[in-house]
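I'll drop the sequence and a predicted model, then ask my questions.
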Amino acid sequence: MAPVDKIPDVAFDREINDANKTGGFATYENTRSYGILEWINPAETFGDIMIDYDYVECSSACITALAAFAKSYPQHRAKEIQTSIGRGKSFLLSIQRRDGSWYGSWGVCFTYAAWFGVDGLTAAGETWRTCKAIRRCCDFLLSKQRRDGGWGESYLSCQDKVYTQLPQEETSHAVNTAWAMLALMQGGQAERDAAPLHAAARLLMRLQAEDGDWPQQSITGVFNRNCMITYANYRNIFPLWALGEYQHKVLQAPSV
């Protein structure tokens, strides 16, 4: 790891100085105008493109990066970093929906955003015990768990901004299940009741093929609300990630 005096401060200007007034973070520039401009959106396919908005995903990622840096270099620009993390946390809390969910803009959709929302809050120092928002998000996810133990979310969640299940006759989605598991584990679900996590892990293991691959199921990628995209490696990256965290945080946890 590089000594702190060798790390260029320009790397932190994005996280510390480029947050919007809301405390949240957009993708490539600050929000420079108003959402009313969407009324003159000329695109037939793309939604929410006229300005750059704050996103739960970008905000959580910046909070997580700053928190990780502060842990390694607690004396470097400490006040600025903690202020930025605090404002980012307030933003995440402000955009949580009444049902405990967050709307995702880069993946399908509420299961994806839940992972980022909970991860950002825990990076900012919150836990299931201290944060009502984390508990509400866990309850939201548990309310969407399907009979087979997994989660299966339709791309329609993105365009309608309402959680939409895949048809019940379809097996739950490995990627949605992995995202939900990651959010629940980060949110401390194993300390409350690990049974939903056990059921989800069993589903992921059942879905895995003999060669180690997971099936390519329905679309899980999205941008600009209506543009769906398949990221082929998601089907292997996230189930493997979730099962690794499950092994560490659930099976090996002393309290479980």
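Received the coordinates, thanks. Numbers count the residues shown, from 1 in each chain.

for this structure, give me the ranges with low pLDDT.
Judged by pLDDT under 70, the chain has its weakly predicted residues at 1-19, 31, 47, 49-51, 255-256.

tell me the centre residue of it?
For the chain, the residue nearest the mean C-alpha position is Phe116 (2.2 Å; Cα atoms, centre = their mean).

how about it, secondary structure?
Here Phe116 is recorded as helix under DSSP: H, G, I helix; E, B strand; the rest coil.

helix, strand or coil for the spatially closest residue to it that is not a sequence neighbour?
For Phe116, ignoring the flanking residues on the chain, the nearest one in space by Cβ to Cβ, 6 or more residues apart in numbering is Ser60 at 4.0 Å. The C-beta positions use only the backbone N, C-alpha and C, and glycine is treated the same way. The local conformation at Ser60, judged by three-state DSSP, is helix.

so who does Ser60 touch?
With contact set as Cβ atoms under 8 Å, 6 or more residues apart in numbering, Ser60 has these partners: 88, 92, 116-117, 119-120, 123.

can you rerun that using 7 Å?
92, 116-117, 119-120 (Cβ atoms under 7 Å, 6 or more residues apart in numbering).

got it, and Thr171?
Asp148.

what about it, which helix or strand?
Counting by DSSP states H and E, there is no helix or strand that carries Thr171.

how much space separates it from Ala232?
To Ala232, Thr171 is 18 Å away according to Cβ to Cβ, to the nearest Å.

could you do Ser59 as well?
With distances taken as Cβ to Cβ, Ser59 is found 27 Å from Ala232.

who's more crowded, the two?
Shown here are Ser59 and Ala232; by other Cβ atoms under 10 Å, Ser59 has more neighbours (27 against 9).

for the stretch 101-250 of the chain, which segments count as helices?
Counting by DSSP state H, counting those that start in this stretch, one finds helices in the stretch 101-250 of the chain at the ranges 110-123, 132-143, 156-160, 174-186, 189-192, 195-207, 234-246.

what would those helices look like in TSV with distance to Asp54?
Shown next, in TSV, are the helices of the stretch 101-250 of the chain (distance: least, Cβ to Cβ, whole Å):
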stretch	distance to Asp54
helix 110-123	12
helix 132-143	16
helix 156-160	17
helix 174-186	20
helix 189-192	27
helix 195-207	30
helix 234-246	24
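
what is the nearest of the contacts of Ser60 to Cys137?
Within the contacts of Ser60, distances to Cys137 taken as Cβ to Cβ reach their minimum at Gly117, with 6.0 Å.

list the contacts for the closest one?
56, 60, 92, 96, 102, 137.

pull out the buried members of those.
For the contacts of Gly117, a burial check counting by 16 or more other Cβ atoms under 10 Å picks out 56, 60, 92, 96, 102, 137.

quick revisit: measure the residue nearest to the centre of the chain to Ala195 for me?
Per Cβ to Cβ, Phe116 is found 25 Å from Ala195.

please apply the same query to Thr230.
Taking Cβ to Cβ, one finds Thr230 at 32 Å from Ala195.

with Trp151 instead?
15 Å.

the more surrounded of these two?
Each of Trp151 and Ala195 has its neighbours counted (other Cβ under 10 Å); Trp151 has more, 27 against 11.

wait, the more buried one sits on Thr177?
Yes - between Trp151 and Thr177 there is a contact under Cβ atoms under 7 Å: 4.9 Å.

identify the contacts common to these two.
The contact sets of Trp151 and Thr177 do not overlap (Cβ under 7 Å, 6+ apart).
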